[in-house]
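Trainee: Take a look and give me a structure for this.
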Amino acid sequence: MQKGKNLTFQLVDASGHLLAFKRMDGVLLGAIDIAIRKVKTSALFQKPFHILGKISSGRLYQIEHSNGVSGSTIENDSAMAQAGIES
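Mentor: Prediction:
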């Protein structure tokens, strides 16, 4: 760990619900929300956050906001969501 970095630590269950949270003094308040979302998304998609980070910077950008059609390919999910909007 780099010296001088203020971190948050969070523990969630398998469904992404927060079980424990701790933050170091001086941590940026915005980092709290980001950290909790990151660990919840990681738990829900059953992937380490560094893997999700790589794929969410491309085709799965903003995966943490995925509250719609899901379960197939990105293209199929998008087409189904659009069909729902149009109906």
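
Trainee: how many neighbours does Leu52 have?
Mentor: Applying other CB atoms under 10 Å, we find 19 residues neighbouring Leu52. (Glycine included, C-beta is placed from N, CA and C.)

Trainee: any idea which element it lies in?
Mentor: Per DSSP states H and E: Leu52 is located in helix 49-56.

Trainee: Output that helix as CSV, nothing but the C-alphas.
Mentor: Written as CSV, here are the backbone C-alpha positions of helix 49-56 (Å, rounded to 0.1, in the frame of the first residue of the first chain):
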residue,chain,number,x,y,z
PHE,A,49,-13.5,-5.7,-9.1
HIS,A,50,-10.3,-5.4,-11.1
ILE,A,51,-11.8,-7.6,-13.8
LEU,A,52,-15.1,-5.7,-13.8
GLY,A,53,-13.1,-2.5,-14.0
LYS,A,54,-11.4,-3.6,-17.2
ILE,A,55,-14.6,-4.6,-19.0
SER,A,56,-16.7,-1.8,-17.6
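
Trainee: List the buried residues of that helix.
Mentor: Neighbour counts over helix 49-56 (16 or more other CB atoms under 10 Å) mark Leu52, Ser56 as buried.

Trainee: pLDDT on the helix or strand following it, on average?
Mentor: Counting by DSSP H and E, the next helix or strand C-terminal to helix 49-56 is helix 74-86. Helix 74-86 shows a mean pLDDT of 74.

Trainee: In this structure, which residue is most central in space?
Mentor: Thr41 (3.3 Å; CA atoms, centre = their mean).

Trainee: Quick check: that one is in a helix.
Mentor: Yes - according to DSSP: H, G, I helix; E, B strand; the rest coil, Thr41 belongs to a helix.
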